[in-house]
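After the sequence you'll find the predicted model.
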Amino acid sequence: MKKELENKEVLAMYDVRGIQDYIFRSNDLQEIIGASNLVEDIIITGLQQVIISSKEWDKNGFLTDWENDNGNEFQENIDIKMQVLFIGGGNAYILFRNGEICSQVNKKMAKYMLEHTYSLNLAVAVVEKTDNYKNDYERIHIEMRRIKARMPETKPAGVLPFMASDSITGFPLSVYKGRKMIKYEDGTEYLCTESWLKREHFPKEENAEKILDNMVTGKGDNSTLALIHIDGNNMGKRLKEIMEDKEDYPQAIATMRSISKNIRDGFGECFKVCEKYVDEVSDQIRKDRQGRLIRKIILAGDDITFICNAQAAIGAVETFLKETCEHTLFWEDQISDEEKLKEIENYKKYGLSACAGIAYFNSHFPFSDAYRVAESCCSSAKKRAKTLENRESGTKDGNMGCFFDYQLCGNIRAENLEEYRRVHYRLTDEEDCMIRRPYYVCSSRLDNIGDLNGRNAKYDSAILRSNILYFKDEGNLPRSQVKKLRNSYAMGMREVDRYITFLESRQRRLPVYNKYYWYDALEIADITLGKEKK
C-alpha cells in the first residue's frame, strides 16, 4: 500500500486467488469437499478471527456483518474504523478509517490465509476514498488488475533433497499438529500440511469412501457419475449497467448489497430446486439407495459445482437452468419508490441466466480432470450463447440464453475439448462433426420476453431428450442395433446411411429429427434416465 494513504480513508478490495485450483488439486473427494468448506466465506471468517484475536482494537468499531447493518455507519460514526460494504463475485469491498489500520489488517489476513489454507494467495487493492463511489469503484478495479498482473504466485517452501514430497502438490510430507501418520496395508504414508487442513474441514459424520459408492447406480458398468459446473452469464455487464448512475455511497452500497444477496439467494434457490428434482427421480434410478444422489461441491454466488448420478444429470441441469429464468439480478423498486419498469423490460435488463458443463466419468477417473472437462464444457456452452445469432435480437448487447454441453470422460485429454472433439468426433468422409451440442434450455417464462426461444429452437434440449427417449425404447430399436447405429458414425455418414437403409428394410421406425442430431443421444442413452414419472 502506498505510504501517502496511511492517514486517509481508503477503500480496499480483497480477492482470494486460485480457489478452483486449490479445491480440485487433489483427486481425493474428502480433500475436495473439505477444501470447498474451508474456502467458503473465508474472507469474512478470516476478518472476524483477525479482529477477535487482536488486543489493541475495539471490536465494536469493526463491522463485518454486511448483510444486517445499515450500510451507512462508516459515514455517520467516526468511531467506526472498518466496515465491510459487501461481498460479491468472490471479492470483498471494505472501507477503512485510515490506511494504517488497513495495512495491519492485511498483514494479519495474510498470516491467517497461510495458517488455515497453506497455499492460497490474497490479493489486496487499496485506493483513497472520495465521495464519488462510481469513480472509486473504477479506480480500485484498475488497481486490482495492476496488482494481479505483477503479483507472483508465491508458494510455501518446497521440499529439500532429503525430504519426502506429496505426489500431487509437491509440498513436504509432515505430521500436522501432532496427528499420527495414515497407515496402509503396504506400509505407512504421511500427508502434506495442505491435505491435513482440507481434511479437517470434511464433515466428521460422513464416510468419504461411501459418498461416491452411494451415488452410483451400481458398480461396474453402472458406476458412471456426472460432475456439473454452472456459471452465470453476463454478470459483470449487468452489474455495470445497474451501477453506472450510482455515484453517492449510500445509494451504491444499498444497490450492491441487494445485488449480491439476489445472486446468492437466486442461484441458491435454483440449486435447491435441482436437488428436489434429483430426489424425486432417485427411486427410478436406484431402488436400494443409501443416500442422496446429488452432492454440492461449490455454491459460491453464480459459481456452482456439484456431483450427481449420471442418469439424473441432464434433467438436473435443465431444471437448474429453467429455474434461473424465474429469478432476477435486481428490481428497481428495491432502492427506489419510483414507478417500476414493466415486467418484460425489467426482466430483459435484469433476468438471470447461466450456462453449464457436464462431465460424465467413472468413479475411478481422476476427479480433478473431470472438473476441468466440465469447466471446458461450460466454456463451450458460453461460446455458443455469446454468438450474435443466438443472442436476444441478434445484437452484441442482447441477452444470452441458457446452454449446456457435456462430454464423456474416457480420456484425460478431453480437457482440451475443442482439439479432442476435432480428432474424435469428425466424420471421416467430410469436414462436418457428428455432434450438435451445446444445447439450449427453453423456458416458458421467455415465450413473451424477447426472441431467445425462437432464435435457439434448433438447439433446443427437447430434441436431445426426445432422441434419448426414442433410443432407450427397445420397442423402437433393440439395444444391439442402437449400439451398431452409434458405432457407424465413426465410419462416416455413408456408413450411417447404409445402416439406416438396413433398419428401414426391417421396418424399424427412426426418430423424426435429422440424423446429424442422433449421435448426441446415442452416446449417452445408456447412462441417462428415460421417461420420468410425474
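Thanks, I have the structure now. Numbering: from 1, shown residues only.

going forward, measure contacts between C-alpha atoms and count neighbours the same way
Fine.

Give me the distance between residue 228 and residue 59.
Between residue 228 and residue 59 the computed distance is 41 Å (C-alpha to C-alpha, to the nearest Å).

Do a quick rundown of the helices in the stretch 101-250 of the chain.
Residue ranges of the helices in the stretch 101-250 of the chain, as given by DSSP state H, counting those that start in this stretch, are 133-150, 193-200, 208-215, 235-243, 249-285.

Which of these has the lowest mean pLDDT?
Taking the average pLDDT of each of the helices of the stretch 101-250 of the chain, the minimum falls on helix 208-215, with a mean of 77.

what's the angle between it and helix 249-285?
Using axes from the mean of the first three to the mean of the last three C-alpha atoms, to 10 degrees, the inter-axis angle of helix 208-215 relative to helix 249-285 is 70 degrees.

For stretch 284-297, list every residue counted as buried.
285, 286, 289, 293, 294, 295, 297 (16 or more other C-alpha atoms under 10 Å).

Any chance of the residues you listed in TSV with secondary structure and distance to residue 398 as columns?
As requested, these are arranged in TSV below (DSSP: H, G, I helix; E, B strand; the rest coil; distance: C-alpha to C-alpha, whole Å):
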residue	secondary structure	distance to residue 398
285	helix	39
286	coil	43
289	coil	44
293	coil	37
294	strand	34
295	strand	34
297	strand	32
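
thinking again about what came up before, have a look at residue 228 and residue 59 and say which one is more surrounded.
For residue 228 versus residue 59, neighbours defined as other C-alpha atoms under 10 Å are more numerous around residue 228 (31 against 16).

Now for the residue nearest to that one when sequence neighbours are not counted: which residues touch it?
In this structure, residue 228 finds its nearest non-sequential neighbour in residue 358, 4.6 Å apart by C-alpha to C-alpha, 6 or more residues apart in numbering. Under the criterion of C-alpha atoms under 8 Å, 6 or more residues apart in numbering, the contact partners of residue 358 comprise 226-229, 313, 373-374, 377-378, 404-407.

what two of those residues have the greatest distance between them?
Among the contacts of residue 358, the pair separated by the greatest distance (C-alpha to C-alpha) is 313 and 373, at 15.0 Å.

neighbour-wise, which of these two wins?
Between residue 313 and residue 373, counted using other C-alpha under 10 Å, the more crowded position is residue 373 (30 against 26).

and that one, that's in a helix?
Yes - according to DSSP: H, G, I helix; E, B strand; the rest coil, the state of residue 373 is that of a helix.

gap between it and residue 21?
Taking C-alpha to C-alpha as the measure, residue 373 falls 14 Å from residue 21.

before we move on, what about residue 226?
Here the criterion is C-alpha to C-alpha. By it, residue 226 lies 19 Å from residue 21.

More neighbours: which of these two?
When neighbours are counted by other C-alpha under 10 Å, residue 226 comes out ahead of the other of residue 226 and residue 21, with 32 against 12.

How far off centre is stretch 312-328?
Stretch 312-328 has its average C-alpha position 14 Å from the chain's average C-alpha position, going by C-alpha atoms, centre = their mean, to the nearest Å.

How about stretch 49-60?
34 Å.

Equivalent analysis for stretch 119-132, please.
That offset, for stretch 119-132, works out to 25 Å (C-alpha atoms, centre = their mean).

In PDB, list the C-alpha atoms belonging to that stretch.
C-alpha atoms of stretch 119-132 as PDB (Å, rounded to 0.1, in the frame of the first residue of the first chain):
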ATOM      1  CA  SER A 119      -1.100 -22.200  -0.200                       C
ATOM      2  CA  LEU A 120      -3.900 -19.800  -1.100                       C
ATOM      3  CA  ASN A 121      -2.800 -16.200  -2.000                       C
ATOM      4  CA  LEU A 122      -4.700 -13.000  -1.100                       C
ATOM      5  CA  ALA A 123      -4.600 -10.100  -3.500                       C
ATOM      6  CA  VAL A 124      -5.500  -6.600  -1.900                       C
ATOM      7  CA  ALA A 125      -6.000  -3.400  -3.800                       C
ATOM      8  CA  VAL A 126      -6.300  -0.100  -1.900                       C
ATOM      9  CA  VAL A 127      -7.300   3.400  -3.200                       C
ATOM     10  CA  GLU A 128      -8.200   6.600  -1.400                       C
ATOM     11  CA  LYS A 129     -11.900   7.000  -0.700                       C
ATOM     12  CA  THR A 130     -13.700  10.000  -2.100                       C
ATOM     13  CA  ASP A 131     -17.400  11.000  -2.100                       C
ATOM     14  CA  ASN A 132     -17.900   9.500  -5.600                       C
END
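
and it, which residues are buried?
The neighbour-count criterion (16+ other C-alpha under 10 Å) identifies 119, 120, 121, 122, 123, 124, 125, 126, 127, 128, 129 as the buried residues of stretch 119-132.

Among those residues, which ones are in strands?
The members of those that map onto strands under DSSP state E are 121, 122, 123, 124, 125, 126, 127, 128.

Just put the residues you listed in a markdown table and tack on pLDDT.
As requested, these are arranged in a markdown table below (pLDDT from 0 to 100):
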| residue | pLDDT |
| --- | --- |
| 121 | 89 |
| 122 | 92 |
| 123 | 94 |
| 124 | 95 |
| 125 | 95 |
| 126 | 96 |
| 127 | 96 |
| 128 | 95 |
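
just checking, residue 488 touches residue 500?
No - when contacts are counted by C-alpha atoms under 8 Å, residue 488 is not listed as touching residue 500 (9.8 Å).

coming back round to it: have a look at the buried residues of stretch 284-297 and tell me the least confident one.
Going through the buried residues of stretch 284-297 one by one, the lowest pLDDT turns up at residue 289, 64.

Give me the domain ranges for the chain.
3-150, 216-436, 468-527 (automatic domain parsing).

From the opening residue of the shortest one to its closing one, how far?
Between the start and the finish of domain 468-527 there is a gap of 10 Å, counting by C-alpha to C-alpha.

now swap in the second one and tell me
Separation of the first and last residues of domain 216-436 by C-alpha to C-alpha is 28 Å.

In the strand or helix carrying residue 504, which residues are buried?
Using DSSP states H and E, residue 504 sits in helix 493-505. Neighbour counts using 16+ other C-alpha under 10 Å place 493, 495, 496, 499, 500, 503 of helix 493-505 among the buried residues.

so what's the third one closest to, chain neighbours aside?
To tie it back to what came earlier, the one meant is residue 496. Spatial nearest neighbour of residue 496, excluding adjacent residues (C-alpha to C-alpha, 6+ apart): residue 488 at 5.3 Å.

List the neighbours of whatever helix or strand that neighbour lives in that are in contact with it.
With elements taken from DSSP H and E, the one containing residue 488 is helix 479-488. Under the contact criterion C-alpha under 8 Å, 6+ apart, helix 479-488 has outside partners 471, 472, 495, 496, 499, 500, 519, 522, 523.

give the contact list for the third one.
Residue 495 makes contact with 488, 489 under the criterion C-alpha under 8 Å, 6+ apart.

Give me the distance between it and residue 462.
Residue 495 sits 27 Å away from residue 462 when distances are taken as C-alpha to C-alpha.

what do you get for the second one?
From residue 472 over to residue 462 the distance is 15 Å, taken as C-alpha to C-alpha.

between those two, who's got more neighbours?
In this view residue 472 and residue 462 are compared by other C-alpha under 10 Å, and residue 472 has more residues nearby, 23 against 16.

ok, for the more buried one, nearest residue in space, not its chain neighbours?
residue 525 (6.2 Å).

Also residue 406?
In space, residue 406 comes closest to residue 358 once its chain neighbours are excluded; the distance is 4.4 Å by C-alpha to C-alpha, 6+ apart.
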